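>>> Just need the structure, nothing else, for what follows:
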Amino acid sequence: MITNFFIPELNNHDVQKRWFQQDGATCHTARATIELLKDTFGDRLISRFVPVNWPPRSCDLTPLVYFLWGYVKSLFYADKPQTLDHLENNIRHVIADIRPQMLEKVIENWSSILDYIRASRGSPMPEIIFKM
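Residues are numbered from 1 along each chain as shown. The predicted structure is shown next:
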């Protein structure tokens with residue numbers, strides 16, 4: 001997927017100043033995978049086994065992780081799709097139905113979280129409640 005889809009798709013975008021962040025899941029951090037990502041992003045890579053390591057307890061650092069995947073997944077599985085086509089259609093519809101106002105609220109909340117992280121110097125955030 002990285003070689004056949006992701007890297008070619010990146011050629012359509014200016015990635016020279018972009019960072020790539022992935023979680024530290026073992027299946028995402030195989031040597032070959034990390035080398036491909038390093039070739040593309042250089043030292044702008046956040047993962048395991050790279051200079052900028054995936055921070056502990058950081059599943060909530062990006063809106064994609066703390067909001068989008070869970071929200072979308074809860075909706076596109078709601079009618080229990082039985083075929084791949086049905087699932088793909090559900091995913092397309094759910095993504096298309098996300099309103100800009102919802103995303104604005106997510107980014108606003110995320111900005112507040114980042115402010116808190118800066119102020120706490122990266123310490124755990126047990127009192128943070130994520131809300132839409």
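>>> Please report the distance of Asp39 from Thr3.
Distance, Asp39 to Thr3, by CB to CB, to the nearest Å: 11 Å. All C-beta spots, glycine's among them, are computed from the backbone N, C-alpha and C.
>>> for Ser112, same thing?
Ser112 is 38 Å from Thr3, by CB to CB.
>>> Which helix runs longest in this protein?
helix 100-120 (DSSP state H).
>>> Return the distance of that one from the chain's centre.
Centre-to-centre, helix 100-120 and its host chain are 15 Å apart (CA atoms, centre = their mean, to the nearest Å).
>>> quick one: the strands in this protein?
20-21, 45-47, 52-53 (DSSP state E).
>>> Can you show me the CA trace of stretch 15-31 as CSV?
C-alpha atoms of stretch 15-31 as CSV (Å, rounded to 0.1, in the frame of the first residue of the first chain):
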residue,chain,number,x,y,z
VAL,A,15,5.7,17.1,1.4
GLN,A,16,9.0,18.8,1.9
LYS,A,17,7.8,20.6,5.0
ARG,A,18,5.2,18.0,6.1
TRP,A,19,5.6,15.5,9.0
PHE,A,20,4.3,12.0,9.0
GLN,A,21,3.0,10.5,12.2
GLN,A,22,2.0,6.9,12.7
ASP,A,23,1.3,5.0,15.8
GLY,A,24,3.9,2.5,17.2
ALA,A,25,2.0,-0.6,16.2
THR,A,26,4.4,-3.4,15.3
CYS,A,27,2.8,-4.0,11.9
HIS,A,28,3.5,-0.3,11.0
THR,A,29,7.1,-0.3,12.1
ALA,A,30,8.7,-3.1,10.1
ARG,A,31,12.2,-2.1,9.0
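>>> Give me the buried positions along it.
20-23, 29 (16 or more other CB atoms under 10 Å).
>>> gap between it and the chain center?
The answer for stretch 15-31 is 10 Å, by CA atoms, centre = their mean.
>>> neighbours of the spatially closest residue to Pro81 that is not a sequence neighbour, just the number please.
Excluding the flanking residues, the one nearest Pro81 by CB to CB, 6 or more residues apart in numbering is Leu87, at 4.2 Å. By other CB atoms under 10 Å, 15 other residues sit near Leu87.
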